[in-house]
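*Asks:* generate a structure from the sequence data that follows.
(one chain, ligands or ions: 1)
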Amino acid sequence: MKDSVKSWIFQPEIEKMSRNKRVKLQEKRLRKIVKHCYERVPLYRKKFEKAGITPDDIKTIEDLKKIPFTEKEDLRKAYPFGMLAVNLNEVLELHASSGTTGHPTTCAYTRNDLKVWSKVMARIYASAGTERGDIVQNAYGYGLFTGGLGFHYGALEIGAAVLPIATGGTERQIRLAKEFGTTILACTPSYAAHLGRYAKEKLGIDPAKELKWKSGLFGAEAWSEKLRERIEELLGLEAFDIYGLSEVIGPGVSVECPEHNGLHIQEDHFLAEVIDPKTGEAVEEGETGELVLTTLTREATPVLRFRTGDITFLKTEECSCGRTLSRMGRILGRADDMLKVRGVKFWPKTVEHALLNIEGVSENYEITIERPQELDIMTLRVEPEKELFESVKGDLTKLQGLVKEITEQIKSVVGVKAHVELVPYGSLPRFMGKAKRVKDLRKTL
Ligand SMILES: [Zn+2]
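*Replies:* Numbering: from 1, shown residues only. Prediction:
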């Protein structure tokens, strides 16, 4: 990694605001958004009536827990415009999330929503040291996925130049990075790793030495600390974890500061809670649970207590960066991504962390879980590093020692015995967007 980037605070008057003052601001906004939702969205009115409450019952943050949760399913059922809290003629931008299971969900933005989105994204860029004069290589997908445009607007707000290259075209990504001298990289972490490998192996370009990337804004996936180390080394940049989701705003909910010890939440716009996903009760600060978000300023498609499905924890302790905004831990995974193999529960990210601890192992792996009879069988397909693969001339039988080491490491860190298979370098899929590394074949039975 190069020297730390020159991180700065985009809106210090808000990001460093005293906690008391911010709570007052949040409560004022909460009362307003609750009223807005109740008056404009039939679903919220119904939920409130069922819970026996009216907007007058919600005055403080403490009252928030009286409001019923909003689930992804609520948004699906309301498709296309049932959740819209403004007239359609006030909407400037519409997005639809992918509808792989059932209806998609609609995310709409008024002019003010787009302003807020630009501001929170600018805070994220500033945290990663982006300034006027930087060139942002935006390799998130443009289109209905909110990643591309969110990163686009934020860069404009900062006054940086954007290269709207979007996902894919890996060779072109590297060539343009070199020719234009792009300084900030925005994409998924798995694609960042792929870009680095591709540059080195296919084009003979060492990104850490020959490209000007100083920081990377990586999100849309749960990724491990070990993968961060690899990406930083490979690309010669400082990697920042970012978090967001289209139902709430898109990217822009939270970002790491130079401490890299949790992600500061833009609390003046998004109110965060962490609950026990089973009981719906709040967990203690620092305890892990499901993240629930309320949009405090969203006009077009506001959400009250939206269950994100993402697992994390919250901490309010002060941060040395000067921001007073609470932090959330890096996402462990989605509640429904947690694996249970032979009774042992773990996150795919834990497997990744264990794997990347081993020298000679690349970040390309695939977890398959089957249940041919009564017992679960976990198979871990792993590509060795290219140099190692070539040093044995592709003869993987010579790497039995590595297989043994991986098996032992997984058993000790994850607690499950995996059947480890080394596969030729380059044989597993590469991902431009969100990586899909787990195949749970039990679910299809
Ligand atoms: Zn901080």
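*Asks:* now Ala51: closest residue in space that isn't a chain neighbour?
*Replies:* Closest residue in space to Ala51, ignoring its immediate chain neighbours: Pro68 at 5.2 Å, by C-beta to C-beta, 6 or more residues apart in numbering. (Glycine included, C-beta is placed from N, CA and C.)
*Asks:* separation between the one you found and Leu88?
*Replies:* 26 Å (C-beta to C-beta, to the nearest Å).
*Asks:* show me which of these two is the more surrounded one.
*Replies:* Pro68 (17 against 10; other C-beta atoms under 10 Å).
*Asks:* in the stretch 101-250 of the chain, which residue sits closest to the ion?
*Replies:* Among all residues of the stretch 101-250 of the chain, Ser127 sits closest to the ion, at 8.1 Å; criterion: C-beta to the ion.
*Asks:* just give the number of residues close to that residue.
*Replies:* 27.
*Asks:* dihedrals phi and psi, it?
*Replies:* phi -60, psi -30 (degrees, to the nearest 10).
*Asks:* ok, now Lys439?
*Replies:* Given degrees, to the nearest 10, the pair of backbone angles that Lys439 has is phi -120, psi 100.
*Asks:* can you pull the pLDDT of it?
*Replies:* On pLDDT, Lys439 comes in at 94.
*Asks:* picking that back up, wait, the residue of the stretch 101-250 of the chain closest to the ion touches Ser254, no?
*Replies:* No: judged on C-beta atoms under 8 Å, Ser127 makes no contact with Ser254 at a distance of 9.9 Å.
*Asks:* which neighbours do the two have in common?
*Replies:* Taking C-beta atoms under 8 Å, 6 or more residues apart in numbering as the contact rule, Ser127 and Ser254 both touch His264.
*Asks:* in CSV, list the C-alpha atoms belonging to the one helix or strand Ile406 maps to.
*Replies:* Using DSSP states H and E, Ile406 sits in helix 400-414. Provided in CSV are the C-alpha atoms of helix 400-414 (Å, rounded to 0.1, in the frame of the first residue of the first chain):
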residue,chain,number,x,y,z
GLN,A,400,-0.8,-32.0,-2.0
GLY,A,401,0.9,-30.2,0.8
LEU,A,402,-1.1,-27.1,0.0
VAL,A,403,-4.4,-29.1,-0.1
LYS,A,404,-3.5,-30.4,3.4
GLU,A,405,-2.7,-26.9,4.7
ILE,A,406,-6.0,-25.5,3.3
THR,A,407,-8.0,-28.4,4.8
GLU,A,408,-6.4,-27.9,8.2
GLN,A,409,-6.9,-24.2,8.1
ILE,A,410,-10.5,-24.4,7.2
LYS,A,411,-11.1,-27.0,9.9
SER,A,412,-9.5,-24.9,12.5
VAL,A,413,-10.9,-21.5,11.6
VAL,A,414,-14.4,-22.4,10.3
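*Asks:* which residue does the stretch 151-300 of the chain have closest to the ion?
*Replies:* For the stretch 151-300 of the chain, C-beta to the ion, closest residue to the ion: Cys257, 3.1 Å.
*Asks:* what's around that residue, how many residues?
*Replies:* With other C-beta under 10 Å as criterion, Cys257 counts 23.
*Asks:* could you report the pLDDT at the closest residue to it other than its chain neighbours?
*Replies:* Once flanking residues are discounted, Cys257 sits nearest to Cys321: 4.0 Å by C-beta to C-beta, 6+ apart. pLDDT, Cys321: 97.
*Asks:* ok, Cys321 - contacts?
*Replies:* Cys321 neighbours (C-beta under 8 Å, 6+ apart): Ser7, Ile9, Cys257, Pro258, Glu259, His264.
*Asks:* quickly note the distance from it to the ion.
*Replies:* 3 Å (C-beta to the ion, to the nearest Å).
*Asks:* need phi/psi at the nearest residue in space to Leu422 that is not next to it in sequence.
*Replies:* Distance criterion C-beta to C-beta, 6+ apart; nearest residue to Leu422, sequence neighbours excluded, is Leu396 at 4.6 Å. Backbone torsions of Leu396, given as degrees, to the nearest 10, read phi -70, psi -20.
*Asks:* Gly168: what's it in contact with?
*Replies:* Here Gly168 is in contact with Met432 (criterion: C-beta under 8 Å, 6+ apart).
*Asks:* which secondary structure element contains it?
*Replies:* Assigned by DSSP H and E, Gly168 falls outside every helix and strand.
*Asks:* got it, and Gly196?
*Replies:* Using DSSP H and E, Gly196 sits within helix 189-203.
*Asks:* identify the residues contacting whichever helix or strand comes after that helix?
*Replies:* Tracing the chain past helix 189-203, the next element assigned as helix or strand by DSSP H and E is helix 207-210. With C-beta under 8 Å, 6+ apart as the test, helix 207-210 has contacts from Ile174, Ala177, Lys178, Leu195, Gly196, Ala199, Lys200, Trp213, Glu233, Leu234, Leu235, Gly236.
*Asks:* how many neighbouring residues does the nearest residue to the fifth one once chain neighbours are set aside have?
*Replies:* In space, Gly196 comes closest to Leu234 once its chain neighbours are excluded; the distance is 3.6 Å by C-beta to C-beta, 6+ apart. Using other C-beta under 10 Å, Leu234 is surrounded by 20 other residues.
*Asks:* and Leu234, what does it touch?
*Replies:* Ala193, Gly196, Arg197, Lys200, Pro207, Ala208.
*Asks:* looking at those, state which has the most neighbours.
*Replies:* For these, the largest number of neighbours (other C-beta under 10 Å) sits with Gly196, at 27 neighbours.
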